[in-house]
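# below are the sequence and a predicted model for it; my questions follow.
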Amino acid sequence: MAGYKIRDLEILTGIKAHTIRMWEKRYGLLTPQRTTTHIRTYSDDELLLLLNISLLNKKGIKISRIAEMSTRQIFDTSRSIHDSRDVDTAIEEFIVSVLQLDEHLFNKTFRELNQKAPLSDIFSEHIIPFLNRIGIMWMVGTINPAQEHFISNLIRQKIIAAIDQLPIPDPNAEKIIIYLPEHEWHEISLLVYHYHLRSKGINSIYLGQALPYDALIKTVETLKPKGIASSWLTAIEPQKILDYFIQLERDLGHLKIIAGGYQIDQLGSALSKNIRRIHTLSDLEQLIR
């Protein structure tokens with residue numbers, strides 16, 4: 001069982017910590033355990049309950065009314081609102097679908113978003129923030145490998161299906177290589193990069209996961225791209241990342257070198273100014289153009 005701090009719940013549910021404390025004190029909605037140093041900790045069940053409370057509250061049901069419901073009534077009422085979406089509860093529903101391994105809920109939520117917005121917007125406004133929010137689950141150990149594989153494969157299927165619907169760019173157009181370095185297997189962000197660039201008519205060449213450094217250099221020599229872009233999520237020693245980019249600058253300094261992901265954000269100003277850092281899909285497109 002995971003042990004969430006109140007800050008973790010704030011990130012995962014979008015409900016401010018002071019609001020959670022007020023709901024506890026006034027309505028007794030949650031009953032956290034306390035450490036020997038009196039820090040609140042919450043269980044998986046309490047996270048799931050709070051996510052469903054958040055859904056109902058966004059729907060306009062007053063917290064005083066929710067507090068009168070049993071846990072079963074909260075879950076049943078929350079489930080019923082999936083059929084009548086007029087507020088944005090997508091990220092909460094995605095999180096619930098992970099916790100409950102509910103493919104039906106994930107697909108239904110994704111389909112409803114796709115009826116209202118282009119896929120690039122869904123990825124940037126919902127999928128990427130969703131992945132950022134469940135990152136905290138990894139840190140406290142609440143998501144097991146089966147759940148991670150479940151949601152990763154569902155999202156991966158959606159992106160690949162969307163890419164397959166796009167035209168293949170002119171092979172003579174300028175190319176951008178996108179890849180994951182040797183230690184990196186988390187490809188969802190990279191697939192989103194690929195989809196976004198292809199949707200804008202940019203000739204992105206997708207080389208996938210864990211690409212050996214020598215293979216990258218040889219491919220650059222063959223394809224002569226305009227630039228290369230990578231995504232870094234897996235935690236490794238910061239110096240190893242810095243050394244990697246120092247070597248890249250030596251070997252490929254004539255190209256645009258673009259990088260994104262949590263580990264790149266953590267390096268901050270330690271990374272060379274010649275490495276273009278991206279935070280959004282718009283950043284990526286602008287740097288390439």
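Structure received. Just so you know, these numbers come straight off a predicted model, no measurement behind them.
# going forward, measure contacts between C-alpha atoms and count neighbours the same way
Fine.
# below-threshold pLDDT in this structure: ranges please.
Applying pLDDT under 70 to the chain flags residues 1-2, 81-88, 132-142.
# do you know how far the residue nearest the centre of it is from Leu49?
Geometric centre of the chain, nearest residue: Leu131, 2.3 Å, by Cα atoms, centre = their mean. Distance from Leu131 to Leu49, counting by Cα to Cα, to the nearest Å: 20 Å.
# ok, now Ser78?
The gap separating Ser78 from Leu49 is 10 Å, by Cα to Cα.
# what ranges do the helices span in the stretch 101-250 of the chain?
103-114, 119-122, 128-140, 145-164, 188-199, 213-223, 238-252 (DSSP state H, counting those that start in this stretch).
# figure out which of those is closest to Trp23.
Of all these, helix 128-140 sits nearest to Trp23, with 21.9 Å by Cα to Cα.
# just to revisit the earlier point, and among the helices of the stretch 101-250 of the chain, the most buried is which?
Most buried of those by mean neighbour count (mean count of other Cα atoms under 10 Å) is helix 188-199; its value is a mean of 22.
# list of residues touching that one?
The contact list for helix 188-199 (Cα atoms under 8 Å, 6 or more residues apart in numbering) reads 120, 123, 128, 152, 155-156, 159-160, 162-163, 166-169, 178-180, 203-206, 208, 230-231, 261, 281, 284-285.
# repeat that for stretch 35-50.
1-6, 9, 13, 30-34, 71, 74-75, 96, 99, 142.
# those in strands, which ones?
Of these, the ones assigned to strands by DSSP state E are Gln33, Arg34.
# which of the contacts of stretch 35-50 are buried? Put it as a PyMOL command.
Selection of the buried residues among the contacts of stretch 35-50 in PyMOL, burial being defined by 16 or more other Cα atoms under 10 Å:
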select buried, resi 2+3+4+5+6+9+13+30+32+74+75+96+99+142
